[in-house]
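>>> Pasting a predicted model and its sequence here:
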Amino acid sequence: MLGVHGRYLRIDLTAGASEFVPIPPAVSRAYLGGVGLAAWLLPRESPASVSPLSADAAVVFAFSPLVGTPLTTSAKFAVVAKSPLTNRFNDALSSSHFAIHGKRTGADAIVLRGACAVPSVVLIDDGRVSVEPLPVPADEPIPVTAERLKSHYGPGWSFGVVGPAGRNRVRYATVSFDNRHAGRGGLGAVLGAKNVLAIGVKGTQRPAVADPTAVVAAARDLSKRSFCPATAKYRELGTVTNLLTFNRLNALPTRNFQQGQFEAADGLSVESLRGALPQVRNSCAACTIGCEHIFPAADGTGVRLEYESLFALGPLCGIGDRDTVLKAAQMCDELGLDTISTGATIAFAMECSERGLIPDRLPFGDGDTLLSLIERIARRDGLGDLLADGSRRAAEVIGGGSEDFAPHVKGMELPGYEPRALQAMALGFAVGSRGADHNRSGAYEIDFSVTGDRLHGTADAARQAVDTEDRAALMDSLILCKFLRGVFTDFFAESAELLIKVTGEDFTADELKAVARRVVDSRKRFNIREGWTPAEDTLPRRFLSTALPDGTAPGATLPEARLREMIAAYNRARGWSADGWPHASEPDA
């Protein structure tokens with residue numbers, strides 16, 4: 001199979017040793033790359049029931065057959081480990097030159113095991129591995145560390161950097177690659193626990209592709225198609241544009257999901273931001289869409305702002321001041337904090353304060369409280385030490401019924417979709433292999449479709465949710481950006497054509513559908529190995545017992561019985577038992 005090296009690089013940090021390990025050709029075909037390849041590797045490299053923050057836990061950086069080609073959005077890779085936030089399978093994606101340079105090291109994946117004795121940087125140069133004490137200060141913001149590393153080692157290197165939050169093992173710490181973060185689930189903490197504060201890659205090894213001329217032609221065609229109406233809002237407005245839409249639908253989580261509408265949403269809208277602040281558009285490596293919108297912070301520096309950061313640090317905490325939200329997003333990026341879990345955990349603490357469950361005064365809408373808690377979480381200072389472990393663990397300590405409104409699934413905090421107003425998405429959250437997730441399930445597409453009923457989840461919507469999850473699994477294994485999903489007429493068939501041109505293998509649409517199902521199944525089996533039970537597939541009690549306040553969806557409810565029916569339909573559509581146990585053994589590849 002062309003387009004791949006057919007091997008991965010295993011690095012034992014404790015022993016100071018490394019080796020290339022063959023990947024059987026059948027595996028490359030059955031799992032492709034990215035999340036798929038990592039789902040095959042992780043259970044083989046990480047012992048069962050291992051603590052995510054122990055030296056024995058493995059972390060995987062996985063590339064794909066499309067990385068290194070001129071295909072738009074293909075400069076992506078997956079970072080995968082057992083999450084310290086959920087104790088379940090965790091895959092996070094990032095776009096940057098790290099994908100291109102990492103694959104040129106001669107490996108389809110890089111696996112780190114063990115731990116360094118001192119804060120260190122792992123360097124991989126054309127497959128040659130060295131581990132050195134970190135040559136720059138270990139307590140500086142991520143952008144400063146990244147620039148110091150580039151200056152110290154010179155041109156040609158691409159780095160992943162762990163910030164103060166990861167060094168302090170915040171359970172939702174990120175890893176930054178050119179300020180694009182592998183964000184959810186605490187992968188920065190996994191690396192921080194290994195004393196790996198940076199990883200640098202460069203190389204010259206490029207696997208051959210089957211038909212270079214056809215690949216270039218396909219890249220030109222896909223680039224041209226990427227400027228279609230399906231991507232227009234991402235290019236012109238960015239994901240921030242979702243804010244007012246969700247607010248109108250009573251689906252904008254506000255004040256820790258106590259409301260679905262935020263009275264100050266207009267002041268945070270993209271229209272307001274663009275009118276008040278100059279902005280710059282930017283693109284990920286090898287991307288023609290250019291969805292990244294940079295806004296100026298009060299200190300004159302640029303802040304990348306996405307919908308999820310805007311919702312979590314704004315309405316969810318009752319914050320309507322744009323300068324505060326921009327500053328909060330900037331702090332999270334510099335400290336290495338997942339903005340969703342940060343905002344959701346702080347919003348949870350604000351409600352606990354409001355209810356008198358904690359002595360600290362943390363009022364909703366107070367910008368100084370938000371900014372102070374972000375810093376304290378990253379440093380594990382005082383109350384920040386408790387909140388650094390996420391809302392689930394904080395609720396277990398606080399008690400007083402706070403477990404009912406801690407905004408998480410399996411320990412991962414909910415993104416910016418109100419489950420009672422978007423009930424297909426509620427299902428996607430409940431069954432997600434890495435917890436509450438809007439990137440591994442596209443069930444919101446059903447809620448927003450002309451045939452969907454977003455206020456009344458159904459078994460048919462559950463079956464459709466399987467299709468969106470399968471498509472996401474394949475996109476994350478190829479890897480291509482999900483913003484391209486509307487560009488394809490027949491995604492599986494067109495993906496097969498792209499792979500044929502790159503790999504020379506006779507892929508078909510049906511085979512890629514099987515790949516997608518295999519990836520989803522593998523993630524589920526890993527979770528079962530680590531202790532999953534059907535009781536985990538649910539939502540916090542708040543969503544199953546309390547109606548939304550008045551708005552465009554007045555009195556919207558999601559009865560627990562309805563959610564259970566949807567989950568059973570989803571599981572049966574996957575070929576599992578009604579409560580979610582896979583029947584057949586994992587395919588032998």
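Arrived safely.

>>> where in the stretch 251-400 of the chain is pLDDT low?
Low-confidence segments of the stretch 251-400 of the chain (pLDDT under 70): 274-293.

>>> cool, and the chain?
For the chain, the ranges with pLDDT under 70 are 230-238, 274-293, 551-554, 585-589.

>>> Can you tell me the centre-most residue of it?
Among the residues of the chain, the smallest C-alpha distance to the mean C-alpha position (Cα atoms, centre = their mean) belongs to Ala92, namely 4.1 Å.

>>> which stretch of helix or strand covers it?
strand 89-95 (DSSP states H and E).

>>> And the contacts of the helix or strand following that strand?
Toward the C-terminus, strand 89-95 is succeeded by helix 97-103 as the next helix or strand (DSSP H and E). With contacts defined as Cβ atoms under 8 Å, 6 or more residues apart in numbering, helix 97-103 is touched by 5, 61, 63, 67-68, 74-77, 110, 124, 156-160, 177-178, 201-203, 206-207, 285-286. Backbone N, C-alpha and C define where each C-beta goes, glycine included.

>>> related to what we said a few turns ago, mind checking how far the strand holding Ala92 is from the chain centre?
Offset of strand 89-95 from its chain centre (Cα atoms, centre = their mean, to the nearest Å): 5 Å.

>>> So which bits of it are buried?
Phe89, Asn90, Asp91, Ala92, Leu93, Ser94, Ser95 (16 or more other Cβ atoms under 10 Å).

>>> Quick check: neighbours of it in the sheet, parallel or antiparallel?
strand 76-82 (antiparallel) (DSSP bridges).

>>> mind checking how far the partner strand is from the chain centre?
On the basis of Cα atoms, centre = their mean, the separation between the geometric centre of strand 76-82 and that of its chain is 9 Å.

>>> does the residue nearest to the centre of the chain really touch Lys76, like I thought?
No: in this structure, Ala92 sits apart from Lys76 without contact. The criterion is Cβ atoms under 8 Å, and the distance is 11.0 Å.

>>> State the phi and psi torsions of Ser151.
The phi and psi values for Ser151, taken as degrees, to the nearest 10, are phi -70, psi -40.

>>> count of neighbours near it?
Using other Cβ atoms under 10 Å as the criterion, Ser151 is surrounded by 9 other residues.

>>> do the same with Asp299
Burial measure for Asp299: 8 neighbouring residues, criterion other Cβ under 10 Å.

>>> Quick check: phi and psi at it.
The phi/psi pair for Asp299 (degrees, to the nearest 10) reads phi -90, psi 10.

>>> which residues sit against stretch 448-467?
With contact meaning Cβ under 8 Å, 6+ apart, stretch 448-467 is reached by 249, 251, 420-424, 426-428, 441, 443, 446-447, 553, 556, 558, 562-563, 565-570, 573-574.

>>> Name the nearest residue to the residue nearest to the centre of the chain, ignoring sequence neighbours.
Residue nearest to Ala92 in three dimensions, not counting chain neighbours: Ala182, with 3.8 Å by Cβ to Cβ, 6 or more residues apart in numbering.

>>> one step back: for PyMOL, write a command that selects the buried ones of the contacts of helix 97-103.
Burial among the contacts of helix 97-103 is assessed by 16+ other Cβ under 10 Å; the matching PyMOL selection reads:
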select buried, resi 5+61+63+67+68+74+75+76+77+110+124+157+158+159+160+177+178+201+202+203+207+285+286
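
>>> picking that back up, okay but the residue nearest to Ala92 is in contact with Ala173, surely?
No: using Cβ under 8 Å, Ala182 is not in contact with Ala173, being 10.2 Å away.

>>> Mind checking which of these two has more residues around it?
Ala173 (34 against 26).

>>> any idea how far Gly185 is from the more buried one?
Taking Cβ to Cβ, to the nearest Å as the measure, Ala173 falls 9 Å from Gly185.

>>> Start and end of stretch 143-162, how far apart?
10 Å (Cα to Cα, to the nearest Å).

>>> what distance separates that stretch from the centre of its chain?
Using Cα atoms, centre = their mean, the distance from the centre of stretch 143-162 to the centre of the chain it belongs to is 23 Å.

>>> what does it rub up against?
When contacts are defined by Cβ under 8 Å, 6+ apart, stretch 143-162 is touched by residues 61, 79, 96-98, 100-102, 121, 123, 135-137, 140, 142, 163, 173, 175-179, 182, 188, 191-192, 196-202, 333-334, 336.

>>> Let's see which of those residues end up in strands.
Counting by DSSP state E, the members of those that fall within strands are 61, 79, 121, 123, 175-177, 182, 196-202.

>>> Which of the residues you listed sits closest to Asp389?
Val175 (18.8 Å; Cβ to Cβ).

>>> and stretch 372-380, which residues are buried?
Along stretch 372-380, the positions that meet the burial threshold by neighbour count (16+ other Cβ under 10 Å) are Ser372, Leu373, Ile374, Arg376, Ile377, Ala378, Arg379, Arg380.

>>> tell me which of the ones in strands among the contacts of stretch 143-162 is nearest to Ala55?
Proximity to Ala55 was ranked across those by Cβ to Cβ; first place goes to Val196, at 11.1 Å.

>>> what's around Gly6, how many residues?
The number of residues packed around Gly6, counting by other Cβ under 10 Å, is 16.

>>> again, but for His101
Counted with other Cβ under 10 Å, residues neighbouring His101 total 24.

>>> And for Pro135?
When neighbours are counted by other Cβ under 10 Å, Pro135 registers 12.

>>> Does the closest residue to it other than its chain neighbours lie in a helix or a strand, and which?
Nearest residue to Pro135, sequence neighbours excluded (Cβ to Cβ, 6+ apart): His152, at 5.2 Å. Secondary structure from DSSP H and E places His152 in helix 142-153.

>>> And the residue sitting furthest away from the middle of the chain, which helix or strand is it part of?
Most distant residue from the mean C-alpha position of the chain: Thr213, 33.8 Å away (Cα atoms, centre = their mean). Take DSSP H and E as the rule and Thr213 turns out to sit in helix 212-225.

>>> How about that helix, which residues are buried there?
Of the residues in helix 212-225, those scored as buried under the neighbour-count criterion (16+ other Cβ under 10 Å) are Val215, Ala218, Ala219, Leu222, Ser223, Arg225.

>>> Now for those residues: which two are most distant?
Taking Cβ to Cβ as the measure, the buried residues of helix 212-225 reach their widest spread between Val215 and Arg225, a distance of 15.5 Å.

>>> any idea how far the nearest residue to Leu337 once chain neighbours are set aside is from Gly384?
For Leu337, the nearest residue in space outside its immediate sequence neighbours is Ala165; the separation is 4.9 Å by Cβ to Cβ, 6+ apart. Shown here: Ala165 relative to Gly384, a distance of 10 Å by Cβ to Cβ.

>>> between those two, which one's more packed in?
In this comparison of Ala165 against Gly384, neighbours counted by other Cβ under 10 Å, the higher total goes to Ala165 at 30 against 20.

>>> Work out for me the element the more buried one sits within.
Take DSSP H and E as the rule and Ala165 turns out to sit in helix 164-167.

>>> who touches the residue nearest to Glu263 when sequence neighbours are not counted in this structure?
Sequence neighbours aside, Gly320 is the residue nearest to Glu263 in space, at 7.7 Å (criterion: Cβ to Cβ, 6+ apart). Contacts here follow Cβ under 8 Å, 6+ apart; on that basis Gly320 touches Phe262, Glu263, Ala264, Ala265, Gly267, Leu268, Gly314, Gly365.

>>> Same check on Cys317?
Residues touching Cys317, when contacts are defined by Cβ under 8 Å, 6+ apart, comprise Arg255, Gly343, Ile346, Ala347, Met350, Phe364, Gly365, Leu370.

>>> Need those in a markdown table (columns: secondary structure).
Formatted as a markdown table, the entries for the contacts of Cys317 read as follows, by DSSP: H, G, I helix; E, B strand; the rest coil:
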| residue | secondary structure |
| --- | --- |
| Arg255 | coil |
| Gly343 | helix |
| Ile346 | helix |
| Ala347 | helix |
| Met350 | helix |
| Phe364 | coil |
| Gly365 | coil |
| Leu370 | helix |
